[in-house]
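Q: no sequence for this one, just the structure:
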Ligand SMILES: Nc1ncnc2c1ncn2[C@@H]1O[C@H](COP(=O)(O)OP(=O)(O)O)[C@@H](O)[C@H]1O
Ligand SMILES: N[C@@H](CCC(=O)OP(=O)(O)O)C(=O)O
């Protein structure tokens, strides 16, 4: 059964099945919940090693993988002997203890597949404030370039958003948005979305393909989740995660994590639910930049730079003639031609005071002028949207 409720998207024909979407993906975020990572208060080492082998297989095919892993609270609670219904601050303390146990488990699992993990702790602010967002993105890009498998969790010491609800699904979606992943895989204890909660309704039908997330689809999970235990995410948070990912041009796969090699199983045709995205991550990102209403300043560029931009290049500091306004790294700024015409909007790679220092100068001089080795361009071409 295919659900396509409002304005059907047109997925690439090759991306219309779970296995094909996995084959087509270049950058994948895999979210693993506590119930899979932790078994009887200890890390599920054998299962983690199986998943690590799957990740290694994807990477051998040239795909990049970011893991979002829960389990810190559950592991820490086990070590500290805390009850399941511990106070919020006690859960945060448990996360502080459990996070290092969690990373030890990932270190061992990934090492068995000759891979190296890198711990990344994020909060919602980190993915919403542009400057922190740019910093987070740069770190994750650097980790991926270095061949590391980033293992992301919420920074539970300073944020409680996910542990309050006991779910990392939205964090996984925001991570997918941050790294511009084209596929978000949510490993669950169920092999996808059904027309109703299959635990309660034996007649519930499995949905392999969702092409739009209208209220009819959300209601399938919402209703079932309403009478589920308070504090569990259920399918509602998975669909909320899929909505966030979708708006960032990232498709979502809801997959059973109960298999020993869950990603190999999907590649081999195991049942799962694919929620398609109507655009690519770069298209979605660019329309988000184009929609930035709060442009904090402007860069006036010379004619050579205007031509280079029209040819799809990044804006070099040497082509910037004037800097206007007060903006930070990552803020949206207007790009203006010598005649005063607005050529487009982009995210500044340097703050206004740095931009003032580097304007008109060669790229090789930038590091000395600002005092650190930064992006080296005024606006990167991926962060730039031209008008017209
Ligand atoms: N429409 C639905 N289709 C599938 N599962 C559903 C649906 N509605 C509620 N659920 C419940 O959601 C559960 C999965 O959510 P959750 O327990 O949060 O998973 P995880 O621990 O994998 O994050 C399923 O086991 C199922 O009982
Ligand atoms: N940051 C928390 C995640 C909260 C949580 O339990 O998430 P999940 O297992 O995805 O429902 C942890 O590591 O325990």
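A: Nice, thanks for sending it over. What you are looking at is a predicted structure, and each value in this text was computed from that prediction instead of being measured. Ligands and ions are numbered 1, 2, ... in the order given.

Q: Tell me which residues of stretch 336-356 come out buried.
A: Under the neighbour-count criterion of 16 or more other CB atoms under 10 Å, stretch 336-356 has 336-337, 343-352, 354-355 buried. Placement of C-beta: from N, CA and C, glycine included.

Q: Stretch 258-275 too?
A: For stretch 258-275, by 16+ other CB under 10 Å, it's 259, 261-267, 270, 272-275.

Q: Show me which of those is closest to ligand 2.
A: residue 262 (15.1 Å; CB to the nearest ligand atom).

Q: mind listing what that closest one touches?
A: 50-51, 54, 187, 255-256 (CB atoms under 8 Å, 6 or more residues apart in numbering).

Q: about what we covered before: report the two of the buried residues of stretch 258-275 separated the most.
A: 261 and 275 (22.7 Å; CB to CB).

Q: SS state for residue 67?
A: strand (DSSP: H, G, I helix; E, B strand; the rest coil).

Q: just to revisit the earlier point, relative to residue 137, which of the buried residues of stretch 336-356 is nearest.
A: Taking CB to CB as the measure, residue 347 is the one of the buried residues of stretch 336-356 closest to residue 137, at 10.6 Å.

Q: What separation is there between the closest one and residue 387?
A: 16 Å (CB to CB, to the nearest Å).

Q: And residue 32, by the same measure?
A: For residue 32 relative to residue 387 (CB to CB), the value is 43 Å.

Q: Show me which of the two is the more surrounded one.
A: residue 32 (26 against 11; other CB atoms under 10 Å).

Q: does residue 130 really touch residue 327, like I thought?
A: No: Residue 130 is not in contact with residue 327 according to CB atoms under 8 Å; the separation is 9.8 Å.

Q: So for these two, which sits in the more crowded spot?
A: A count of neighbours by other CB under 10 Å puts residue 327 above the other of residue 130 and residue 327, at 24 against 18.

Q: How many neighbouring residues does the residue nearest to that one when sequence neighbours are not counted have?
A: Closest residue to residue 327 in three dimensions, ignoring its sequence neighbours and counting by CB to CB, 6 or more residues apart in numbering: residue 296, at 3.8 Å. Residue 296: 17 surrounding residues under other CB under 10 Å.

Q: Now do the contacts for residue 296.
A: Applying CB under 8 Å, 6+ apart, the residues near residue 296 are 325-328, 331-333.

Q: can you list the residues of the stretch 51-200 of the chain near ligand 2?
A: 70-74, 95, 153-154, 156, 162-163, 166-168 (CB under 6 Å from any ligand atom).

Q: Okay, and which of these map to helices?
A: 72-74, 95, 162-163 (DSSP state H).

Q: can you list the domains in this protein?
A: Following automatic domain parsing, the chain resolves into domains at 2-285, 291-386.

Q: Dump these into CSV; add distance to ligand 1 and mean pLDDT as well.
A: Listed next are those as CSV, based on distance: least, CB to the nearest ligand atom, whole Å; pLDDT from 0 to 100:
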stretch, distance to ligand 1, mean pLDDT
domain 2-285, 3, 88
domain 291-386, 32, 94
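
Q: Can you name the residues in contact with whichever strand or helix holds residue 126?
A: Residue 126 belongs to helix 124-128 when assigned by DSSP states H and E. Helix 124-128 is contacted by residues 132-133, 136, 155, 159, 161, 171, 174-175, 177-178 when judged by CB under 8 Å, 6+ apart.

Q: next one: stretch 18-26
A: Against stretch 18-26 from outside (CB under 8 Å, 6+ apart): 12, 14-15, 28, 62-64, 181-183, 185, 208, 251, 253, 255, 263, 266-274, 276.

Q: and with 7 Å instead?
A: 14-15, 63-64, 182-183, 251, 253, 266-267, 269, 272, 274 (CB atoms under 7 Å, 6 or more residues apart in numbering).

Q: do the same with stretch 349-359
A: Here stretch 349-359 makes contact (CB under 7 Å, 6+ apart) with 297, 299, 317, 320-321, 323, 325-329, 348, 366, 369-370, 374-375, 377-380.
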